[in-house]
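J.: I'll drop the sequence and a predicted model, then ask my questions.
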Amino acid sequence: AEFAVTVDGLENPYHTMAFYVMPGEVLEVNAPANSRLESSSMNVKALDNADWQLVAPQKPGLYTVRVIHPSYPQTMTLNMFVLRPATEIRNGMLNGYRIGEYPKEPFRGLASYRPPKGFIEAHKDVLDTKVSPHFTLRQFLCKQSFKGDKQYLVLREELLIKLETILKAVNERGIRTDSFYIMSGYRTPYYNKAIGNRKYSRHIYGGAADIFIDVSPKDGRMDDLNQDGKVDKRDANFLYNLVEKLSQRSWWPSTGGLGQYGSNSGHGPFVHVDSRGYRARWGK
């Protein structure tokens, strides 16, 4: 976007971004001078020339806030998901959807590993909502099978900002893609355990994505990024090295994990990216 807005201390530089709030939660929004906020569904209270308080509704769902600045033609859209509280989970189930059990103690005592307070309620009317300029809610859904018309997930704003940063760098390198193929985004603890993954996987906290580039040909597998005529771990290595160089920049959005994987019978090569609060590397 042509201007940035800060929501509860997190700077958003994009024209579209999703935020995740609990029912009745109060958020502080800071914008450039002379901006104005518009929302037909959230209580907006002006604090100063460009500071506001937003009070989330009690009912879980999607609510939209728009930030308008007279000097810029583009409106910034903040998609506010009011979460379904985790206190509604009964015997590992949330409204008929199996969540499972989160570890009771956070890994290394880190706040990013605390069980989520709430979950995004995903149904057909919100699946194609943009959670950032180049990603939709649908891309991050857990792959587990379910009955009913609603799924639940967790997603972290820091991960989305990191993915957008990587996507921009990929396009600047001449690899034209509008988004990444997200092979795995959110996983419920139940599903994560079922596929044999570690109990503290960043995926269960909504802070990880397994990604690859699938443009030419669009076939559900990584493209031949290094143009050696075959698709293998070296293509994951190409993407891994690009992200590793970005992570050394002073403006890199958040410290986290980076891993690369080759092919097996179930998938092609891919790269894992996460926001965990400390540096971790594997797969090289």
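T.: Arrived safely, thanks for sending.
J.: measure stretch 220-235 end to end?
T.: Counting by CA to CA, to the nearest Å, you get 15 Å between the two ends of stretch 220-235.
J.: Run through who's touching it.
T.: Applying CB atoms under 8 Å, 6 or more residues apart in numbering, the contact partners of stretch 220-235 are 175, 181, 212-217, 236-239, 260-263, 267-270. The C-beta positions use only the backbone N, C-alpha and C, and glycine is treated the same way.
J.: roughly how far is that stretch from the heart of the chain?
T.: Its chain's C-alpha centre and that of stretch 220-235 lie 25 Å apart, by CA atoms, centre = their mean, to the nearest Å.
J.: before we move on, what about stretch 276-283?
T.: For stretch 276-283, the separation from the chain centroid amounts to 17 Å (computed by CA atoms, centre = their mean).
J.: Can you list the buried residues in that stretch?
T.: 276-277 (16 or more other CB atoms under 10 Å).
J.: for that stretch, how far is the first residue from the last?
T.: One end of stretch 276-283 to the other measures 17 Å (CA to CA).
J.: Show which residues not belonging to that stretch make contact with it.
T.: Here stretch 276-283 has contacts from 108, 110-113, 202, 207-208, 236, 240, 244, 247, 254-261, 272, using CB under 8 Å, 6+ apart.
J.: still on that earlier bit, in helices only, show me the contacts of stretch 220-235.
T.: If you go by DSSP state H, these have 236-239 in helices.
J.: Next up, the contacts around the closest residue to P189 other than its chain neighbours.
T.: By the measure of CB to CB, 6 or more residues apart in numbering, the closest residue to P189 outside its immediate chain neighbours is G100, 3.7 Å from it. Neighbouring residues of G100 by CB under 8 Å, 6+ apart: 92, 188-193.
J.: per-residue confidence at G100?
T.: pLDDT recorded at G100 is 98.
J.: what's the answer for the one 4 residues further on, then?
T.: Reported pLDDT at K104 in the predicted model: 94.
J.: Quick check: nearest residue in space to it, chain neighbours excluded?
T.: Excluding the flanking residues, the one nearest K104 by CB to CB, 6+ apart is P115, at 7.8 Å.
J.: Give me the subset of the contacts of stretch 220-235 that lies in strands.
T.: 181, 212, 260-261, 270 (DSSP state E).
J.: Rebuild these as TSV, extending it with pLDDT.
T.: Putting these into TSV (pLDDT from 0 to 100) gives the following:
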residue	pLDDT
Y181	98
F212	98
Q260	96
Y261	96
F270	97
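J.: Report the two of these separated the most.
T.: Maximum pairwise distance in the ones in strands among the contacts of stretch 220-235, criterion CB to CB, is 15.2 Å, between Y181 and Q260.
J.: who's more crowded, these two?
T.: Using other CB atoms under 10 Å, the more surrounded residue of Y181 and Q260 is Q260, with 23 against 20.
J.: and the residue found closest to D223 once you drop the neighbours it is linked to in the chain, what pLDDT?
T.: Once flanking residues are discounted, D223 sits nearest to I213: 5.0 Å by CB to CB, 6+ apart. pLDDT for I213: 97.
J.: Is there a neighbour count for I213? I'd like the number.
T.: 23.
J.: That one is in contact with F180, isn't it?
T.: Yes: between I213 and F180 there is a contact at 6.4 Å, judged by CB atoms under 8 Å.
J.: Tell me where the stretch 151-284 of the chain has helices.
T.: Ranges of helices within the stretch 151-284 of the chain are 157-172, 189-194, 233-247, based on DSSP state H, counting those that start in this stretch.
J.: Relative to K143, which of those is closest?
T.: helix 189-194 (6.9 Å).
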